[in-house]
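**Q** Got a sequence here, can you build the structure:
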Amino acid sequence: NVIVVAATNRPDVLDPALLRPGRFDRQVILDRPDMKGRTEILKVHTKGKPLDKGVEVEGVARQSPGFSGADLANLVNEAALLAARRNKKVIGMSEFQEALERIVAGPERKSRVISDAEKAIIAYHEGGHAVVQRILPKCDPVAKVTIISRGMALGYTMALPTEDRYLQSKTEFEDKIAGLLGGNVAERLIFGDTTTGASNDIEKATDLARRMVTEFGMSDKLGPLSFGKRDEMVFLGRSMGEQRDYSDEVARTIDEEVRAIIDKAYERATEVLTTHRDKLVALAEKLVAEETVDSDGFEALFSDLPAKDDDHGIPTIVGPGQPIPVPDANPQPA
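**A** Residues are numbered from 1 along each chain as shown. As a prediction, this is how the structure comes out:
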């Protein structure tokens, strides 16, 4: 009557002999909590803490898709610390939102001095991301745009999904890549030049396009095939390289398909920002004046357009120098 229980973060590298019947018969997957799970976890961690009457645990859970139990505990603790520093007796939604941004993007870097010229570039860069994400149907709704530095980012655009999702389509990826390239496009349209702030955007867009072709079977030319086998350091979880299981001709086709996806997304972003240049300029000027634009202020700029009805995607933060999360089977914040 002995039951042996074991846990691992890397089930893919276990010896198959361990998983034969009579040994470890059953595998129980503990994934990141869904909306209902996050709500219950937050109720546990907020129990006994003084919350403002306006705080809705469900609202906090909705804004934190992809968070693990430990992330949510950290979120509540950060919010409590912020309330204490502000000499408040209760924890409000503003503290939870600030704590969320601290966890996802890092603390504000108020000591960083940015010139007026660079501030304008950052404002148009972030405005490019935000406008493209607002116009394209399958990008997540924009929750906040700011040119205040956090962590390594000089500014960022925060987009939050309206619900948890576990599958993503080709058209969603295409819209996301266009959103990633929006900052670079805006810089070229307004200043006729581009900066190093778009380097991470380009890197992540290219990586996502390559995964679409080599992993997700989303190439019309190559079809539903998987290419390349990655070698990893088992105990460090780091990729060491890729075993090529395809010919040079296929490699050229892969490069062509990746290029085609990026070019198409760049053209779409250019078309959006050219058509809605007035929105881009208005948003950038508002950012230069106010530094931060919330969702209500952002939507007010698009009052002449239909409201965005979106239920797609995973939480992302886009900004100069800021890594962009690549969608995977287990999406998480950047």
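**Q** where does the stretch 201-334 of the chain have low pLDDT?
**A** In the predicted model of the stretch 201-334 of the chain, residues 230-243, 309-334 satisfy pLDDT under 70.
**Q** what about the strands in it?
**A** For the stretch 201-334 of the chain, applying DSSP state E, counting those that start in this stretch gives strands covering 229-233, 238-243, 292-294, 316-318.
**Q** Ok, the stretch 1-150 of the chain next?
**A** Taking DSSP E, counting those that start in this stretch, the strands of the stretch 1-150 of the chain run over residues 142-146.
**Q** Run through it and note the low-pLDDT ranges.
**A** For the stretch 1-150 of the chain, applying pLDDT under 70 flags the ranges 110.
**Q** what about 80?
**A** Segments of the stretch 1-150 of the chain classed as low confidence (criterion: pLDDT under 80) are 105, 108-113.
**Q** Make sure T194 is actually in contact with E187.
**A** Yes: contact criterion Cβ atoms under 8 Å: T194 and E187 qualify, at 4.8 Å. Where C-beta positions appear, they are placed from N, C-alpha and C, glycine not excepted.
**Q** out of the two, which sits in the more crowded spot?
**A** Looking at T194 and E187 with other Cβ atoms under 10 Å, you find the greater number of neighbours at E187, namely 21 against 17.
**Q** for that one, what are its contacts?
**A** 121, 124-125, 128, 193-195, 197-198 (Cβ atoms under 8 Å, 6 or more residues apart in numbering).
**Q** One more pass at 6 Å, please.
**A** With contact taken as Cβ atoms under 6 Å, 6 or more residues apart in numbering, E187 is in contact with 125, 194.
**Q** C-alpha coordinates for the helix or strand hosting it, PDB please?
**A** Taking DSSP states H and E as the criterion, E187 maps to helix 170-191. Only the C-alpha atoms of helix 170-191 are listed here, as PDB (Å, rounded to 0.1, in the frame of the first residue of the first chain):
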ATOM      1  CA  LYS A 170      -2.800  32.000 -38.600                       C
ATOM      2  CA  THR A 171      -4.700  35.200 -39.000                       C
ATOM      3  CA  GLU A 172      -4.200  36.100 -35.400                       C
ATOM      4  CA  PHE A 173      -0.400  35.600 -35.700                       C
ATOM      5  CA  GLU A 174      -0.400  37.700 -38.900                       C
ATOM      6  CA  ASP A 175      -2.200  40.600 -37.000                       C
ATOM      7  CA  LYS A 176       0.200  40.200 -34.100                       C
ATOM      8  CA  ILE A 177       3.300  40.500 -36.300                       C
ATOM      9  CA  ALA A 178       1.800  43.600 -37.900                       C
ATOM     10  CA  GLY A 179       1.300  45.000 -34.400                       C
ATOM     11  CA  LEU A 180       4.900  44.300 -33.500                       C
ATOM     12  CA  LEU A 181       6.200  46.100 -36.600                       C
ATOM     13  CA  GLY A 182       3.900  49.100 -36.100                       C
ATOM     14  CA  GLY A 183       6.500  50.900 -34.100                       C
ATOM     15  CA  ASN A 184       9.200  50.600 -36.800                       C
ATOM     16  CA  VAL A 185       6.600  51.600 -39.500                       C
ATOM     17  CA  ALA A 186       5.600  54.700 -37.500                       C
ATOM     18  CA  GLU A 187       9.200  55.900 -37.100                       C
ATOM     19  CA  ARG A 188       9.800  55.600 -40.900                       C
ATOM     20  CA  LEU A 189       6.500  57.300 -41.800                       C
ATOM     21  CA  ILE A 190       7.000  60.300 -39.400                       C
ATOM     22  CA  PHE A 191      10.800  60.700 -39.300                       C
END
